[in-house]
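**Student:** return atomic coordinates for the entry below.
(chains A and B)
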Amino acid sequence: MTAQALDTSTRTALADLLLAMADDEFVLGFWDSEWTGIAPLLEEDVAFASLAQDEIGHAQALYRLLADLDGGDPDAIAFGRRPEEYRHARLLDHPRTDWAFSVARRFLYDTADAARLDALVASAYAPLAEVVAKMRREETYHLRHMVAWLERLATGGDQPRARLVAALERLWPDALCVLDGVEGDDLLVEAGVLAEPLADVRRRWLAGLAPELARLGLPGPPPAAPAVGCRGPDRGGDFRWLWEQFTMVRRSDPEAVW
Amino acid sequence: MQVWEVFRREREGGAMQHAGNLLAPDAELASHYAREFYGRRQESVRLWIVPRAAILDLDDPDLLQPPFDRSFKKPAGYSTEIKAKLAAARSRAGAAEEPKR
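**Tutor:** Presented below is the predicted three-dimensional model:
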């Protein structure tokens, strides 16, 4: 299926989904890059920075898809918007905080994203299916890396465990937003772009996580996501700070050629 | 924490070569770190990750650098010897030049 085969409202819904996914990957990549130089051990420092770069790479591919669909320049979409125009999930408004917090966030994000990618890998919109197939190969590995850390913190003594539990409790409500806050997913399902509505993806994600969390005795999700504001426009000061960091160079000279 | 030695193959059919080493608490994290250290730029098609403790280390000079001349065990050393003897034999026979083939 090509973009021309989609009616206007379906196309708008696809653009909204692509932007939400791209912004998720983009903002997560920048937050996690904040560990460069200060991760718990040198090897993890290199590995975590590399994972963060992978996310920026995924964002780049998704912004490219969006630019192909809607016109525009991927760099301008990525760096040229005001903070309130970003559509990432609220999970990604938190700063990196401590190591357990960053591990907990990545674990929640990577598992939710995996469920989302599962629902897109057979997408009727072929350009998206291709990108998703590539992303899944890397994300499977990211997830294994994060599960390894989740297990070690959960079973690694009182302090790591207490920090991990506190982080999960703090992050859970906002994690539900990763599979929320996108309009028109029913249209995407009808067009075969998405395999199932996001609410079903979310149920599948949570059902898949339950045994793992039970095994490690970690807290599960609250009954519902925040009612409003899952994907902006109200962002806290932390995201605004990050936005100033990652747009600083471009804002200094938007016309510069790199 | 343990030291892990990493070997990598650059392309299919190539030899496994020592890439370097890293620190990791266990095999699972060692494999994650090896991937990032020696594979993140797609420079490897295979990695071997070996605990340094599993490596049998030989550096005894009596085993590896024995005192007698061992050049006769080298193909090049042996041929050097033979060439010298051949040259001496030719000069005794009055044939200064190596025969043309």
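
**Student:** show me where chain B has helices.
**Tutor:** For chain B, applying DSSP state H gives helices covering B:27-38, B:61-64, B:75-93.

**Student:** how distant is the last one from the center of its chain?
**Tutor:** Averaging C-alpha positions (C-alpha atoms, centre = their mean, to the nearest Å) puts helix B:75-93 29 Å from its chain's average.

**Student:** alpha carbons of it, as CSV, please.
**Tutor:** What follows is helix B:75-93, C-alpha atoms only, in CSV (Å, rounded to 0.1, in the frame of the first residue of the first chain):
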residue,chain,number,x,y,z
PRO,B,75,61.4,-24.5,6.4
ALA,B,76,63.4,-21.4,5.7
GLY,B,77,66.3,-22.4,8.0
TYR,B,78,66.6,-25.8,6.5
SER,B,79,66.6,-24.4,2.9
THR,B,80,69.3,-21.9,3.9
GLU,B,81,71.5,-24.8,5.1
ILE,B,82,70.9,-26.8,1.9
LYS,B,83,71.6,-23.9,-0.3
ALA,B,84,75.0,-23.3,1.4
LYS,B,85,75.9,-27.0,1.0
LEU,B,86,74.8,-26.9,-2.7
ALA,B,87,76.9,-23.8,-3.4
ALA,B,88,80.0,-25.5,-1.8
ALA,B,89,79.5,-28.7,-3.8
ARG,B,90,79.2,-26.7,-7.1
SER,B,91,82.3,-24.7,-6.4
ARG,B,92,84.2,-28.0,-5.7
ALA,B,93,82.9,-29.4,-9.0
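
**Student:** which residues of chain B score low on pLDDT?
**Tutor:** Low-confidence segments of chain B (pLDDT under 70): B:76-80, B:95-101.

**Student:** care to break it down by domain?
**Tutor:** B:2-54, B:61-93 (automatic domain parsing).

**Student:** how about these, which one is nearest chain A?
**Tutor:** domain B:2-54 (4.0 Å; C-beta to the nearest C-beta). The way it works is simple: take the backbone N, C-alpha and C, and place the C-beta from them, glycine included.

**Student:** and the closest one, how far apart are its ends?
**Tutor:** Terminal residues of domain B:2-54 lie 11 Å apart, using C-alpha to C-alpha, to the nearest Å.

**Student:** can you tell if that domain touches chain A?
**Tutor:** Yes - counting by C-beta under 8 Å from any C-beta of the partner chain, contacts between domain B:2-54 and chain A involve B:L22, B:L23, B:A24, B:P25, B:E28, B:L29, B:H32, B:Y33, B:R35, B:E36, B:F37, B:R40.

**Student:** and the two most separated of those?
**Tutor:** B:P25 and B:R40 (20.4 Å; C-beta to C-beta).

**Student:** which one's more surrounded, those two?
**Tutor:** Taking neighbours as other C-beta atoms under 10 Å in any protein chain shown, B:P25 and B:R40 compare with B:R40 leading, 16 against 12.

**Student:** where does the closest residue to the more buried one other than its chain neighbours sit: helix, strand or coil?
**Tutor:** Excluding the flanking residues, the one nearest B:R40 by C-beta to C-beta, 6 or more residues apart in numbering or on different chains is A:S50, at 4.8 Å. In the three-state summary, A:S50 is assigned as helix, counting by DSSP: H, G, I helix; E, B strand; the rest coil.

**Student:** pretty sure A:S50 sits against B:G39.
**Tutor:** No - look at A:S50 against B:G39 with C-beta atoms under 8 Å: they stay out of range, at 9.6 Å.
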